[in-house]
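Enquirer: What follows is a predicted structure for the sequence shown.
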Amino acid sequence: MKKVSIMVPCYNEEENVVPMSRALVEQMEQLPQYDYEILFIDNCSQDNTRTLLRGICAENPKIRAIFNSKNFGQFNSPYHAICQTTGDCTITVCCDFQDPVDMIPKFLTEWENGHKVVIGVKTSSKESKLMYFLRSIYYKLIHKLSRVEQIEHFTGFGLYDKSFVEVMRKLDDPIPFLRGVVAELGPNIKRIEYEQAKRRAGKTSNNFFSLYDAAMLSFTSYTKIGVRLSELLGVLMCGGSALAAVVCLILKLVNPDLLLTGTAAILLTVLFVGGLQLFFLGFVGEYLLSVNTRSMRRPLVVEEERINFDSADKTSKV
């Protein structure tokens, strides 16, 4: 019998963890041909989430939980949890019900048809229209600039075969961006469209800074646009100031009274030096990006507690 792992990341989801656990168990009980495990990973919630998770795990040994010692961010925590699953495939579902659990049978059907990665792609959303519009702009921008063909309106919701989970375990990336990893390395990807529902209860933990961090992680992981723009701007400033210096010299020779003595020279010198600095900052940035991604060996998360894990079931920490 094949085993299906379902991973649910949560942070301050006291209103959703119990209904989500029940919905997932009910969904899997309708698929008796599969064994299953449900893994919740809590990113150091400040509400009653952990107490509720302990109760859920006590009632059902197939439900497991990992408690992080601190909040390690919205990317590291779920990535780590995926790598701790033991099923023949792993399905990721958000705890707020914006990812419809009734798509699990569809994912499994496509998986049985041979697809190693099956993902949900939003075609519309019941969230704020402005937010959906801004996300659309972001996806199109990163799609144009990235060296890897990014998947628009893909949030990580999907099914991953154990062979791809093993690839994720071996990446050894201290700042993994799941959406980019799937787009770059995912084999035989099947896309299933869906409408994103409204959040069932509670408030989202996303804010401007977390969304900005997500955007910058995708840009720095899969584009070189930042440092390349610095280099290009530096070259343009240097070339422009050098050309302006030549023009000023000619004008001064033709008409000595046309330009104030010293003003143009100071201005052009400042522009030229500033251009050189910007160019070399961008140039050094190329190396720093490369060194940064190769040298960091920090763990994705530090666990505080595991529930319903047997010693024989533990996979290697990432």
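Expert: Structure received. Just so it is clear, the model here is predicted, and its values are computed rather than measured.
Enquirer: For V117, which non-adjacent residue is closest in space?
Expert: G186 (4.2 Å; C-beta to C-beta, 6 or more residues apart in numbering). For every residue, glycine as well, the C-beta is placed using N, CA and C.
Enquirer: Phi first, then psi, for the one you found.
Expert: phi -60, psi 120 (degrees, to the nearest 10).
Enquirer: Check what pLDDT it gets.
Expert: Looking at G186, its pLDDT is 87.
Enquirer: quick one, helices of this protein?
Expert: Per DSSP state H, the chain carries helices over the ranges 17-29, 49-59, 73-83, 104-112, 129-145, 162-170, 178-185, 208-222, 225-254, 263-295.
Enquirer: Check the ones you listed for me: which has the lowest mean pLDDT.
Expert: helix 208-222 (a mean of 58).
Enquirer: you'd agree V301 is up against N71?
Expert: No: if you go by C-beta atoms under 8 Å, V301 and N71 don't touch, sitting 9.4 Å apart.
Enquirer: more neighbours, those two?
Expert: V301 (25 against 17; other C-beta atoms under 10 Å).
Enquirer: coming back round to it: find residues that contact each of V301 and N71.
Expert: S77 (C-beta atoms under 8 Å, 6 or more residues apart in numbering).
Enquirer: I'd guessed the residue nearest to V117 sits against D161; true?
Expert: No: contact criterion C-beta under 8 Å: G186 and D161 do not qualify, at 9.7 Å.
Enquirer: Mutual contacts of these two, please.
Expert: With C-beta under 8 Å, 6+ apart, G186 and D161 have common neighbours K116, V117.
Enquirer: quick one, what contacts T155?
Expert: Neighbours of T155 in contact, by C-beta under 8 Å, 6+ apart: C94, D99, G120, K122, R179.
Enquirer: If any of the residues you listed are buried, give me the ChimeraX selection for them.
Expert: ChimeraX command restricting the contacts of T155 to the buried ones, with burial defined by 16 or more other C-beta atoms under 10 Å:
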select :94,99,120,122,179
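Enquirer: Counting neighbours, what do you get for F154?
Expert: Here the number of neighbours of F154 (other C-beta under 10 Å) works out to 19.
Enquirer: Tell me which residues touch it, please.
Expert: I119, G120, V121, K122, R179, V182, A183.
Enquirer: Over to R306?
Expert: Here R306 is in contact with R64, A65, I66, F67, K314 (criterion: C-beta under 8 Å, 6+ apart).
Enquirer: what's the neighbour count on L52?
Expert: 21.
Enquirer: Now for it: which residues touch it?
Expert: Here L52 is in contact with E14, V17, V18 (C-beta under 8 Å, 6+ apart).
Enquirer: from those, which is closest to C44?
Expert: E14 (13.6 Å; C-beta to C-beta).
Enquirer: Is the closest one in contact with T49, as I believe?
Expert: Yes: E14 lies in contact with T49 (C-beta under 8 Å); the separation is 4.9 Å.
Enquirer: For the two, indicate the residue with more neighbours.
Expert: For E14 versus T49, neighbours defined as other C-beta under 10 Å are more numerous around T49 (26 against 18).
Enquirer: distance of that one from V18?
Expert: 10 Å (C-beta to C-beta, to the nearest Å).
Enquirer: Quick check: neighbours shared by the two?
Expert: Between them, T49 and V18 share no contacting residue, judged by C-beta under 8 Å, 6+ apart.
Enquirer: ok, residues contacting stretch 184-202?
Expert: Taking C-beta under 8 Å, 6+ apart as the rule, stretch 184-202 contacts 12-16, 19, 96-100, 103, 106-107, 110, 113-127, 148, 151, 164, 167, 182, 222.
Enquirer: List only buried entries from these.
Expert: Looks like the contacts of stretch 184-202 have 12-16, 96-100, 103, 106-107, 110, 115-120, 122, 125, 127, 151, 164, 167, 182, 222 buried, using 16+ other C-beta under 10 Å.
Enquirer: Narrow the residues you listed to those in strands?
Expert: Counting by DSSP state E, the part of those found in strands is V117, V118, I119, G120, K122, S125.
Enquirer: now, among those, which is nearest to R54?
Expert: G120 (29.8 Å).
Enquirer: Take the contacts of L52 and lay them out in JSON lines including distance to P32.
Expert: Listed next are the contacts of L52 as JSON lines, based on distance: C-beta to C-beta, whole Å:
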{"residue": "E14", "distance to P32": "31"}
{"residue": "V17", "distance to P32": "25"}
{"residue": "V18", "distance to P32": "23"}
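Enquirer: what's the closest of these to P78?
Expert: Using C-beta to C-beta, those come closest to P78 at V17, 15.0 Å.
Enquirer: What about the closest one, how many residues nearby?
Expert: Other residues close to V17 by other C-beta under 10 Å number 24.
Enquirer: How about it: what's its closest non-neighbour residue?
Expert: L52 (5.1 Å).
Enquirer: these two touch, right, F97 and N16?
Expert: Yes: F97 is in contact with N16 according to C-beta under 8 Å; the separation is 6.7 Å.
Enquirer: how near is D102 to A23?
Expert: Distance from D102 to A23, by C-beta to C-beta: 9 Å.
Enquirer: Cool, thanks, signing off.
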